[in-house]
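# sequence and predicted model, in that order:
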Amino acid sequence: QVQLVESGGGLVQAGGSLRLSCAASGRTLSMYAMGWFRQAPGKEREFVATINWNGGSTSYADSVKGRFTISRDNAKNTVYLQMNSLTPEDTAVYYCAKSRLYGSSWYRDTGEYDYWGQGTQVTVSS
C-alpha cells in the first residue's frame, strides 16, 4: 500500500509562486513515474505534469509549460511541483499520483496511475 500526501498549497496573488510537495510512504517510488493533476470546481481532473522514474524526462500540459517545473528526490521519496507566474486559472485542487507501471516512461492519462493523494488546494487571487 502506498500513501501519498501533498502539501504546500495555499492562497497566493496572481504572479506569485508556490511549491507543492508529495511525500510517499509505504513503498519506494524510485522505480515509478509520478504525475501532478488538478481539478477545478465543476471541471474534470486534468493533467499538469509528469516525471519518469529518475527525473530524466518530463512532460507538461501546454497551459503550464514554461511556468511549472516537476522534480523528484528519490532519496526522500518525494516529488515536487514548482509553480511560478500563477494566474487565477491555476486555481484548483492539486493531486499527485503514482504510475501503475515502473520503467522509463512517463504518463499523461489518469488511467495510468493507481495511487492518489488527497489533494492540496491552490487558490490564486487576481
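That came in fine, so what should we check first?

# now for the top strand by length along the chain, which elements pack on it?
As assigned by DSSP state E, the longest strand anywhere in the chain is strand 92-102. Other elements packing on strand 92-102 under the criterion 3 or more Cβ pairs under 8 Å, 6 or more residues apart in numbering; DSSP states H and E are strand 3-7, strand 18-25, strand 32-39, strand 78-83, strand 113-116, strand 120-125. C-betas here are computed from N, CA, C, even on glycine.

# in JSON lines, list those strands along with mean pLDDT and mean neighbour count.
As requested, these are exported to JSON lines (pLDDT from 0 to 100; neighbours: other Cβ atoms under 10 Å):
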{"stretch": "strand 3-7", "mean pLDDT": "97", "mean neighbour count": "17"}
{"stretch": "strand 18-25", "mean pLDDT": "97", "mean neighbour count": "19"}
{"stretch": "strand 32-39", "mean pLDDT": "97", "mean neighbour count": "24"}
{"stretch": "strand 78-83", "mean pLDDT": "98", "mean neighbour count": "22"}
{"stretch": "strand 113-116", "mean pLDDT": "96", "mean neighbour count": "17"}
{"stretch": "strand 120-125", "mean pLDDT": "98", "mean neighbour count": "17"}
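
# so can I have CSV of these showing distance to residue 49?
Output for the helices and strands packed on strand 92-102, formatted as CSV (distance: least, Cβ to Cβ, whole Å):
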stretch, distance to residue 49
strand 3-7, 13
strand 18-25, 10
strand 32-39, 5
strand 78-83, 6
strand 113-116, 13
strand 120-125, 14
